[in-house]
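Colleague: Task: produce atomic coordinates for the following.
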Amino acid sequence: MSSARQRAALLAPLFGLKPPALTAWLEVELGSTDALDRWTPRAPGIASRAVAPRTIYHLCPGNVPEAGLQSLLIGLLLGSRNVAKLPRDPAVRKAIRAFAASLPAPLRPFLALRTAFRPKEVAGPNIDAVIAYGGDEAVAAVRARLRPDQVFLPYGHRVSLLWLGKLVKTAPGLAAAVAHDVSAHAQLGCLSPQAVYLAPGSDAVAFCEALARALHALPATPPPLAHAAFIRNAKHAVRAAGGRLWESASPLGSTVLLDPDPAFRDGYTHRTVAVRIASPKAVEKALLPFREKISTVGLRAPFSPADEALALALGAERICPVGQCQQPPLFRHHDGRPRLADLVKWVDREVL
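Modeller: Prediction:
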């Protein structure tokens with residue numbers, strides 16, 4: 001296959017990027033843009049070269065297409081052959097098929113699509129690495145089928161949240177930024193905030209009113225029946241606990257729940273978000289059962305040391321400004337791990 005620089009030039013336009021963004025990503029994770037194509041000095045008397053998997057099997061997620069497309073970007077950028085198992089969701093399937101059709105001719109032989117999971121293929125001798133998205137049980141089932149020598153990158157269930165601290169007054173633009181984080185991708189991804197926590201002394205009612213207005217102004221996506229049932233039950237629970245709700249007139253619209261119970265719950269989708277009041281210690285206690293599952297914690301910028309300390313204590317794998325939860329940078333670690341470097345192996349060449 002072509003060099004990494006040539007692949008970056010071919011792939012970048014498909015993602016709205018310029019080639020230097022992808023070559024810089026290689027340099028950040030592999031130490032050199034050319035690490036896959038030539039020996040690079042590593043230490044006195046030692047030169048190293050990165051070796052990509054011959055073939056990567058991708059189990060693409062069914063909630064949002066972006067994660068699956070970036071997984072394929074990684075495999076193609078490394079120069080591996082790629083086999084992509086398409087999810088059931090028609091919209092995600094359509095997006096991945098469109099991406100495959102848009103590939104420049106030199107890259108097309110390096111991507112094959114599958115509509116069915118083939119256990120013998122994924123564990124076969126031609127697959128060096130597997131990237132699996134899905135629920136924890138599904139990911140564990142894939143792991144159980146693999147050979148011990150296969151590289152396995154599992155991306156299971158994760159949750160995200162916002163901590164805004166004490167809000168005496170809702171600053172202009174804050175509600176819109178929160179609404180953007182909550183509404184993007186129908187709130188189905190791991191980076192979608194499931195709750196907004198405010199410190200005691202906040203004007204929570206004013207914030208909820210502002211957030212409801214911002215959410216109501218955004219386009220609605222009808223929730224599937226299972227999600228709609230969860231949302232109805234969440235509304236009933238908050239009402240029964242003495243909380244308040246701000247609902248749009250449309251049954252398919254958004255809902256802001258001012259929940260008196262600080263306990264964290266996930267499962268909110270389609271512009272439904274719980275606002276809770278709790279001290280940092282109470283937030284840490286509420287999130288303790290999810291400590292190994294927290295992806296992103298959004299904070300008001302500029303970050304204070306106390307807010308950063310809380311996010312770290314929660315076990316966050318990513319800290320970002322409110323409004324940026326759903327727009328992670330290309331260079332970010334995924335679930336706390338590098339996305340390119342974890343796939344390659346290194347060969348050292350010793351010279352006298």
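
Colleague: top helix in the protein by residue count?
Modeller: helix 225-240 (DSSP state H).

Colleague: could you give me the average pLDDT of that helix?
Modeller: Regarding helix 225-240, the rounded mean pLDDT is 82.

Colleague: Likewise for stretch 24-44?
Modeller: Computed over stretch 24-44, the average pLDDT equals 95.

Colleague: Next one: Val205 relative to Ser254, how far apart?
Modeller: To Ser254, Val205 is 17 Å away according to C-beta to C-beta, to the nearest Å. Every residue, glycine included, has its C-beta placed from N, CA and C.

Colleague: out of these two, which sits in the busier spot?
Modeller: Ranked by neighbour count (other C-beta atoms under 10 Å), Val205 and Ser254 place Ser254 first, with 25 against 12.

Colleague: how about the more buried one, what does it touch?
Modeller: Ser183, Ala212, Leu215, His216, Leu218, Ala220, Glu247, Ser248, His270, Arg271, Thr272 (C-beta atoms under 8 Å, 6 or more residues apart in numbering).

Colleague: Can you tell me which of those residues are buried?
Modeller: Among those, those buried by neighbour count (16 or more other C-beta atoms under 10 Å) are Ser183, Ala212, Leu215, His216, Leu218, Ala220, Ser248, His270, Arg271, Thr272.

Colleague: how close does the closest residue to Ala12 other than its chain neighbours get to Leu10?
Modeller: Of all residues not flanking Ala12 in the chain, Pro19 sits nearest, at 4.6 Å (C-beta to C-beta, 6 or more residues apart in numbering). Look at Pro19 and Leu10: by C-beta to C-beta, they are 9 Å apart.

Colleague: Using CSV, list the CA coordinates for the longest helix of the chain.
Modeller: The C-alpha coordinates for helix 225-240 follow below in CSV (Å, rounded to 0.1, in the frame of the first residue of the first chain):
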residue,chain,number,x,y,z
LEU,A,225,-40.5,3.0,21.4
ALA,A,226,-38.1,1.7,23.9
HIS,A,227,-36.5,5.1,24.5
ALA,A,228,-39.9,6.8,24.7
ALA,A,229,-40.9,4.4,27.4
PHE,A,230,-37.8,5.1,29.4
ILE,A,231,-38.4,8.8,29.1
ARG,A,232,-42.0,8.5,30.3
ASN,A,233,-40.9,6.5,33.3
ALA,A,234,-38.2,9.0,34.1
LYS,A,235,-40.8,11.8,34.0
HIS,A,236,-43.1,9.9,36.3
ALA,A,237,-40.3,9.2,38.8
VAL,A,238,-39.3,12.9,39.0
ARG,A,239,-42.9,14.0,39.5
ALA,A,240,-43.4,11.4,42.2
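
Colleague: buried set for that helix?
Modeller: His227, Ala228, Phe230, Ile231, Ala234, Lys235, Val238.

Colleague: Can you add distance to Thr55 and give those back as a markdown table?
Modeller: A markdown table is the format used below for the buried residues of helix 225-240 (distance: C-beta to C-beta, whole Å):
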| residue | distance to Thr55 |
| --- | --- |
| His227 | 36 |
| Ala228 | 40 |
| Phe230 | 38 |
| Ile231 | 41 |
| Ala234 | 43 |
| Lys235 | 47 |
| Val238 | 49 |
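
Colleague: Could you single out the nearest of those to Leu78?
Modeller: In terms of C-beta to C-beta, no member of those lies closer to Leu78 than His227, at 35.7 Å.

Colleague: can you pull the contacts of that closest one?
Modeller: So, once contact is read as C-beta under 8 Å, 6+ apart, His227 ends up touching Thr269, His270.

Colleague: Over to Gln326?
Modeller: His180, Asp181, Ala184, His185, Gly189, Leu191, Ser192.

Colleague: what about 7 Å?
Modeller: Going by C-beta atoms under 7 Å, 6 or more residues apart in numbering, Gln326 touches Asp181, Ala184, His185, Leu191, Ser192.

Colleague: Equivalent analysis for Leu245, please.
Modeller: Going by C-beta under 7 Å, 6+ apart, Leu245 touches Lys235, Val238, Arg239, Thr255, Leu257.

Colleague: what about the nearest residue to Arg93 once chain neighbours are set aside, distance to Arg54?
Modeller: Nearest non-adjacent residue to Arg93, counting by C-beta to C-beta, 6+ apart: Leu86, 4.9 Å away. Using C-beta to C-beta, we find Leu86 at a distance of 22 Å from Arg54.

Colleague: okay, now the residue nearest to Arg337 when sequence neighbours are not counted: neighbour count?
Modeller: The shortest distance from Arg337 to any residue other than its chain neighbours is 7.5 Å, reached at Leu153 (C-beta to C-beta, 6+ apart). For Leu153, the neighbour count with other C-beta under 10 Å is 20.

Colleague: how about Leu153, secondary structure?
Modeller: Secondary structure state of Leu153, per DSSP: H, G, I helix; E, B strand; the rest coil, is strand.

Colleague: ok, back up a step: among the buried residues of helix 225-240, which one lies nearest to Pro328?
Modeller: Taking C-beta to C-beta as the measure, Pro328 lies nearest His227 of these, at 23.6 Å.
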